[in-house]
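**Student:** Pasted the sequence and its predicted model underneath.
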Amino acid sequence: MSANNTPLGKIRNIGIIAHIDAGKTTTTERILYYSGKEHRMGEVHEGTAVMDYMQDEQERGITITSAATTFIWKDHHINLIDTPGHVDFTAEVERSLRVLDGAVAVFCGVGGVEAQSETVWRQAERYHVPRMAFINKLDRSGAEVDHVIEEMKKRLGAHPLQMQMPVGIEDNFRGVVDLVTMKQINFSTDDLGESFTIDDIDADILEDAQIHRLQLLDTVAESSDELMEKYLETETLSEEEIKAGVRKLCLERKVTPVFCGSSLRNKGVQPLLDAVVDYLPSPKDVPAMTGHDPKDHEKLISCEPNRKDPLCALAFKIVDDQHGPLTFLRIYSGEIKEGDKVIVASNGRKERASRIWRMHANHRERETVVGPGEIVGVSGFKFASTGDTICEDGNLLIELEPPRFPATVISMAIEPRSNDDRDKLMEVLGKLTREDPTFNYHTDEETGQLILSGMGELHLDIIATRITRDYKVSCNTGNPRVTYREAVSAKARATGTFEQIMGGKEHFAEITIEMSRQEDSDSSLHISASELQIPKVYHDAIYEGFEGGCISGPLGGYPLIHVAVNVLDGATREGAEATVAFTAAIEAAMREAVSKAGAELLEPIMALEVTTPEEFMGGIIHDLNGRRCEIQEIGDRGNLKVVHAKAPLAEMFGYATVVRGLSTGRASYSMEPCEFAAVPRKKWSDILGYEPDM
């Protein structure tokens, strides 16, 4: 069956999400093997995983970039994206979840809900993505299904619904009990788990299975009045009724169906695929995508998954490879044909879809036309960026909500070794910033250095490697350093005026603002009733000036955050040009307001999780205290201790080496950006290079 002839109800768009090392890519490799997409099992530890196709991924044994593929399972076309688990590449998860209809969250049977598990779960919540859970690595010492389920409830606020229970555990793990059919699935060890038998449940675990099935039936019965009525009368439900009830609850995100297995040992993957078909949504099961008119943001427009409607697609990822830029699209309505001329809704630029590709990691298969529900790569786009909405030229434009990406927290200097290398470097940096929304660069005005900014040490290390190895640009790089922020200390009012003759015309505007601190929120601009004095036509210019005023603070030139600006009054003169003037006037007013209010230096704080045997706890806690860390909680995970702390990023460089030394290599850690907090005043001069007056 061709993908283009597949009914919408038989399409699934899913992602595999998890903490690093939970087994996402190994699970994906088994899925590709059992579905017949690949005839050989790739292994992450051998560097042969199909989905980890980048050289850095193969060398480091981690997923760096999300990779898409398509395969068939039981007459269903499944578009799958394997996402990274490392926090430095969380943007890859963010943009994938923005366009996916469902997800499989993989948890380690030993580690349970780990730090990045929480992050990807929150990302899925933000985009209202229904999820299933797969508890992996049940063959490992210390694995425990009940513990992981309790952690899902406690740390994720999830409502796990156990659909399977393991047969044996650790070294004795050999299969699963299907609580819907009440049959035992035993996986063969002779043919890479490709074959399995369906048997009666072993007598020694039958009672436990019956208890779990009653819990399943109780939950399913609550999905509808009809099922509840039948359950109360007969005390049972059919397999079809159970599946229908679980599917309904899963699509409503009221439960998370839980499955179990060991991907590395080839156990449990085929039933997981069956569950993807049974319980996760098709494109027609999710609400219609809603966006706004680019010319009127208050006007909402919906697009249904219908081929006959105008094209609406979201560009969620851009990759630059040997064939040129490749733009990944999720099609929400209409269809796109090879050679079609389309338009970028946000900027009005026209593009041409010269080629359409169905992707399998870094391999591609040519298509001539694709429709709703599909995820494809398109060659030929020159102006589209991540988050842009692609529409049919000549039809009503719609602008969908783009993915949201975190701010960069770390930077490093880079220096080309020759003038020729500088030209090549600037070209490469342009390509990399188009690919990666969490990577950017700028030139330091004081030193003239070229500064790269990203999400973490590993992120910048891989960027530098790609520049030198993949793009053959000779460069020297400096040590990573923290990217600070600034904020106002108090409330202040100020007036800014711009008055100048330019091109023989008078430009004039005056604006009065009140600036204040806005904790736990992005910076914001509010134009109040003063719009009577400031015509609405100038509001965009004022907003542009507000953004410009936030670019650089007075202490070290770091961006201003947590700023709320309320426009109190403003005016221009009859006959004067005011667009540029209002932009300049609010920037001047913001500079004066910050000067009056005083500024404060902020630093990125990381949510840190250290997992260690108990005997090394003392040394690790002592070291963290010396790094200005705030210990939040110390808990247990099996026979290990887990330390949760808030850690200043500036104090955490090189921590991987330190924690290995403190624990003879037996402790591990992960951290992710958490917040920006005030830097102790005694450290300001070390950071700024001078002692500020304010």
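**Tutor:** Looks like it came in fine.

**Student:** Tell me the secondary structure of residue 621, please.
**Tutor:** Secondary structure, DSSP: H, G, I helix; E, B strand; the rest coil: residue 621 is helix.

**Student:** so what's it up against?
**Tutor:** Applying C-beta atoms under 8 Å, 6 or more residues apart in numbering to residue 621 gives the contacts 631, 643. (Each C-beta comes from the backbone N, C-alpha and C, glycine too.)

**Student:** Could I get the pLDDT score of it?
**Tutor:** pLDDT, residue 621: 96.

**Student:** 410 is where my numbering starts, stick with that
**Tutor:** Sure, I'll start numbering at 410, so the last one becomes residue 1030.

**Student:** ok, it to residue 1052 distance?
**Tutor:** 7 Å (C-beta to C-beta, to the nearest Å).

**Student:** so what sits against both of the two?
**Tutor:** With C-beta under 8 Å, 6+ apart, residue 1030 and residue 1052 have common neighbours residue 1040.

**Student:** Can you pull out the low-pLDDT segments for the stretch 960-1103 of the chain?
**Tutor:** Applying pLDDT under 70 to the stretch 960-1103 of the chain flags residues 1102-1103.

**Student:** ok, which stretches of it are helices?
**Tutor:** With DSSP state H, counting those that start in this stretch applied, the stretch 960-1103 of the chain shows helices at 988-1006, 1026-1035, 1064-1071, 1093-1097, listed in chain order.

**Student:** neighbours of residue 563, just the number please.
**Tutor:** 12 (other C-beta atoms under 10 Å).

**Student:** cool, the one 10 residues further on as well?
**Tutor:** The burial metric for residue 573, expressed as a neighbour count using other C-beta under 10 Å, is 26.

**Student:** What residues are bridge-paired with it?
**Tutor:** residue 587 (DSSP bridges).

**Student:** Please tell me how far it sits from residue 434.
**Tutor:** Residue 573 is 22 Å from residue 434, where distance means C-beta to C-beta.

**Student:** Could you export stretch 879-887 as PDB, CA atoms only?
**Tutor:** What follows is stretch 879-887 as a C-alpha-only set of coordinates in PDB (Å, rounded to 0.1, in the frame of the first residue of the first chain):
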ATOM      1  CA  ASP A 879      32.700  18.300   8.300                       C
ATOM      2  CA  TYR A 880      33.100  21.700   6.700                       C
ATOM      3  CA  LYS A 881      37.000  21.800   6.600                       C
ATOM      4  CA  VAL A 882      37.400  25.200   8.200                       C
ATOM      5  CA  SER A 883      40.600  25.700  10.200                       C
ATOM      6  CA  CYS A 884      39.800  27.400  13.500                       C
ATOM      7  CA  ASN A 885      40.900  27.900  17.100                       C
ATOM      8  CA  THR A 886      38.400  27.800  19.900                       C
ATOM      9  CA  GLY A 887      38.500  29.200  23.500                       C
END
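
**Student:** Show me what counts as buried in that stretch.
**Tutor:** If you call a residue buried by 16 or more other C-beta atoms under 10 Å, then stretch 879-887 has these buried ones: 880, 882, 884, 886.

**Student:** Give me the residues contacting it.
**Tutor:** 464, 821-827, 830, 833-834, 837, 858, 873, 876-877.

**Student:** Between those, which sits nearest residue 1060?
**Tutor:** Set against residue 1060, the nearest of the contacts of stretch 879-887 by C-beta to C-beta is residue 821 (17.3 Å).

**Student:** From residue 634, how far out is the nearest residue to residue 1022 once chain neighbours are set aside?
**Tutor:** Nearest residue to residue 1022 in three dimensions, chain neighbours excluded: residue 1075, at 5.5 Å (C-beta to C-beta, 6 or more residues apart in numbering). Separation of residue 1075 from residue 634 (C-beta to C-beta): 54 Å.

**Student:** Compare neighbour counts for those two and give me the winner.
**Tutor:** Counted by other C-beta under 10 Å, residue 1075 and residue 634 do not tie: residue 1075 has more neighbours, with 14 against 9.

**Student:** and the residue nearest the centre of the chain, what helix or strand is that in?
**Tutor:** The residue lying closest to the centre of the chain (C-alpha atoms, centre = their mean) is residue 503, at 2.0 Å. If you go by DSSP states H and E, residue 503 is part of helix 499-508.

**Student:** for residue 805, same thing?
**Tutor:** Per DSSP H and E, residue 805 falls between elements, in no helix or strand.

**Student:** can you count the residues close to the closest residue to it other than its chain neighbours?
**Tutor:** Spatial nearest neighbour of residue 805, chain neighbours left out: residue 719 (6.5 Å); criterion: C-beta to C-beta, 6+ apart. By other C-beta under 10 Å, 17 other residues sit near residue 719.

**Student:** So what does residue 719 look like in phi/psi?
**Tutor:** Note on residue 719: backbone dihedrals following degrees, to the nearest 10 are phi -60, psi 150.

**Student:** Touching, it and residue 800? I think so.
**Tutor:** Yes. Taking contacts as C-beta atoms under 8 Å, residue 719 lies within contact range of residue 800: 6.7 Å.

**Student:** Low-confidence stretches in the stretch 710-859 of the chain?
**Tutor:** In the stretch 710-859 of the chain, residues with pLDDT under 70: 855.

**Student:** rerun that using 80 as the cut-off
**Tutor:** 730-733, 771, 803-805, 853-857 (pLDDT under 80).

**Student:** List the contacts of stretch 842-860.
**Tutor:** Under the contact criterion C-beta under 8 Å, 6+ apart, stretch 842-860 has outside partners 499-500, 504, 726-729, 734, 794-796, 812, 814-815, 817, 820-825, 834, 838, 841, 861-864, 868, 872, 887, 966.

**Student:** Of those, which belong to strands?
**Tutor:** 726-729, 734, 820-825, 861-863 (DSSP state E).

**Student:** Please pick the buried ones from those.
**Tutor:** Neighbour-count burial (16+ other C-beta under 10 Å) is assigned, among the ones in strands among the contacts of stretch 842-860, to 726-729, 734, 820-823, 825, 861-863.

**Student:** and those residues as a markdown table, adding distance to residue 669?
**Tutor:** A markdown table is the format used below for those (distance: C-beta to C-beta, whole Å):
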| residue | distance to residue 669 |
| --- | --- |
| 726 | 31 |
| 727 | 37 |
| 728 | 34 |
| 729 | 40 |
| 734 | 41 |
| 820 | 43 |
| 821 | 42 |
| 822 | 48 |
| 823 | 46 |
| 825 | 52 |
| 861 | 42 |
| 862 | 41 |
| 863 | 36 |
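
**Student:** rewinding a little: in TSV: the ones in strands among the contacts of stretch 842-860, plus distance to residue 929.
**Tutor:** As requested, these are arranged in TSV below (distance: C-beta to C-beta, whole Å):
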residue	distance to residue 929
726	30
727	32
728	35
729	37
734	38
820	24
821	29
822	32
823	34
824	38
825	41
861	29
862	23
863	24
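
**Student:** In the protein, where's the longest strand?
**Tutor:** strand 1008-1022.

**Student:** Partner strands of that one and their direction?
**Tutor:** strand 894-897 (antiparallel), strand 1049-1057 (antiparallel), strand 1077-1087 (antiparallel).

**Student:** Give me the buried stretch members for that strand, please.
**Tutor:** Residues of strand 1008-1022 classed as buried by neighbour count (16+ other C-beta under 10 Å): 1008-1021.

**Student:** Helix or strand: which one has residue 649?
**Tutor:** Assigned by DSSP H and E, residue 649 falls within helix 648-660.

**Student:** Buried residues in that helix, which are they?
**Tutor:** 650, 651, 652, 653, 654, 655, 656, 657, 658, 659, 660.

**Student:** Would you agree residue 916 falls within a strand?
**Tutor:** Yes. Counting by three-state DSSP, residue 916 is found in a strand.

**Student:** For the nearest residue to residue 536 once chain neighbours are set aside, the count of nearby residues, please.
**Tutor:** Once flanking residues are discounted, residue 536 sits nearest to residue 506: 5.0 Å by C-beta to C-beta, 6+ apart. When neighbours are counted by other C-beta under 10 Å, residue 506 registers 24.

**Student:** right, and residue 506 touches residue 422 too?
**Tutor:** No. Using C-beta under 8 Å, residue 506 is not in contact with residue 422; the gap is 10.6 Å.
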